[in-house]
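Peer 1: quick one: sequence and predicted model below, then my questions.
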Amino acid sequence: GAVVSQHPSWVICKSGTSVKIECRSLDFQATTMFWYRQFPKQSLMLMATSNEGSKATYEQGVEKDKFLINHASLTLSTLTVTSAHPEDSSFYICSATQQGHYGYTFGSGTRLTVV
Amino acid sequence: AQSVSQHNHHVILSEAASLELGCNYSYGGTVNLFWYVQYPGQHLQLLLKYFSGDPLVKGIKGFEAEFIKSKFSFNLRKPSVQWSDTAEYFCAVNAKAAGNKLTFGGGTRVLVKP
């Protein structure tokens, strides 16, 4: 079945630094990838949608200059949290879909802690 | 905009009890519906999905869900739960007019007592 690999699984960084999270589709071409954020004991909130080769579409309230999304190939999307602050600490999850197919494949998530 | 409501935030029940989790959505057009489960410390897993056809959908681990279009609902059921069903359950909706964006409900945390 379709597999999405997300890396790293967890990361601790200092306040003010940037962190990059990768999301790879291993056995299919992901025409669209989604990035979600999940706070403890809360649901997944969609941050942005990215289509291969084009700019990401951000949800209302999500700072696009802070959460940089790149989807340069059909198998890789990256989320970079720039100038991270403690309030950015959260669980970030990516998801991917394949054109012509219904269904979403989720990565295993990245727990970001900013100290 | 599409929105998804899960009425129960927390459910506690004993093993062998029946489980039903409510899910309602707010979009009136064609929708694809999903239920996901997130076990403690693990990533989301798809339990079942509805795209079209028989409104009663059977998924993995003995779960099923019924799509009732007139009620904008997609409730999840399991006749007899096990301790291993302790997890958080998320309903999600994709409204076709919204492209392929998936919107999640707030989740229901289920605790099954042994």
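Peer 2: Sure, I can see it. Numbers count the residues shown, from 1 in each chain, chains lettered A, B, ... in the order given.
Peer 1: got the confidence number for A:Ala30?
Peer 2: Per-residue pLDDT puts A:Ala30 at 88.
Peer 1: list the contacts for it?
Peer 2: Residues near A:Ala30 by C-beta atoms under 8 Å, 6 or more residues apart in numbering or on different chains: A:4, A:52, A:74-75, A:77, A:96-98. Where you see a C-beta, it was placed from the backbone N, CA and C, and this is true even at glycine.
Peer 1: which residues does the residue nearest the centre of chain A bridge with?
Peer 2: With distances taken as C-alpha atoms, centre = their mean, the residue of chain A nearest its centroid is A:Trp35 (3.7 Å). Residues in a beta bridge with A:Trp35, per DSSP bridges, are A:Ala48, A:Cys94.
Peer 1: the closest residue to chain A within chain B and B:Lys58, how far apart?
Peer 2: Using C-beta to the nearest C-beta, the closest approach of chain B to chain A is made by B:His43 at 4.1 Å. Taking C-beta to C-beta, to the nearest Å as the measure, B:His43 falls 23 Å from B:Lys58.
Peer 1: Three-state assignment for the nearest residue to A:Leu76 once chain neighbours are set aside, please.
Peer 2: Excluding its sequence neighbours, the residue lying closest to A:Leu76 (C-beta to C-beta, 6 or more residues apart in numbering or on different chains) is A:Arg24, at 5.3 Å. Look at A:Arg24: counting by DSSP: H, G, I helix; E, B strand; the rest coil, its state is strand.
Peer 1: neighbours around A:Arg24, how many?
Peer 2: A:Arg24 has 19 neighbours, counted by other C-beta atoms under 10 Å in any protein chain shown.
Peer 1: next one, pLDDT for it please.
Peer 2: At A:Arg24, pLDDT is 95.
Peer 1: mind listing the residues bridging to it?
Peer 2: The partner residues for A:Arg24, given DSSP bridges, come to A:Ser5, A:Leu76.
Peer 1: hmm, back to that, wouldn't the residue nearest to the centre of chain A be in contact with A:Asn70 here?
Peer 2: No. A:Trp35 lies out of contact with A:Asn70 (C-beta atoms under 8 Å); the separation is 11.0 Å.
Peer 1: what's the overlap in contacts for those two?
Peer 2: Contacts common to A:Trp35 and A:Asn70, judged by C-beta under 8 Å, 6+ apart, are A:50, A:77.
Peer 1: thinking again about what came up before, quick one: which of B:His43 and B:Lys58 has more around it?
Peer 2: B:His43 (16 against 10).
Peer 1: how about the CA coordinates for stretch A:99-115, as CSV?
Peer 2: Extracted C-alpha coordinates of stretch A:99-115, given in CSV (Å, rounded to 0.1, in the frame of the first residue of the first chain):
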residue,chain,number,x,y,z
GLN,A,99,-4.0,12.2,-8.6
GLY,A,100,-7.0,10.1,-9.7
HIS,A,101,-7.0,8.2,-6.4
TYR,A,102,-9.2,8.8,-3.5
GLY,A,103,-7.8,8.5,0.0
TYR,A,104,-5.0,10.1,2.0
THR,A,105,-1.9,8.6,3.3
PHE,A,106,-0.4,10.1,6.5
GLY,A,107,3.1,10.3,7.7
SER,A,108,4.0,9.3,11.3
GLY,A,109,4.3,12.8,12.4
THR,A,110,7.1,15.0,13.8
ARG,A,111,7.1,16.2,17.4
LEU,A,112,8.8,19.6,17.5
THR,A,113,9.9,21.0,20.9
VAL,A,114,11.4,24.5,20.9
VAL,A,115,13.3,25.3,24.0
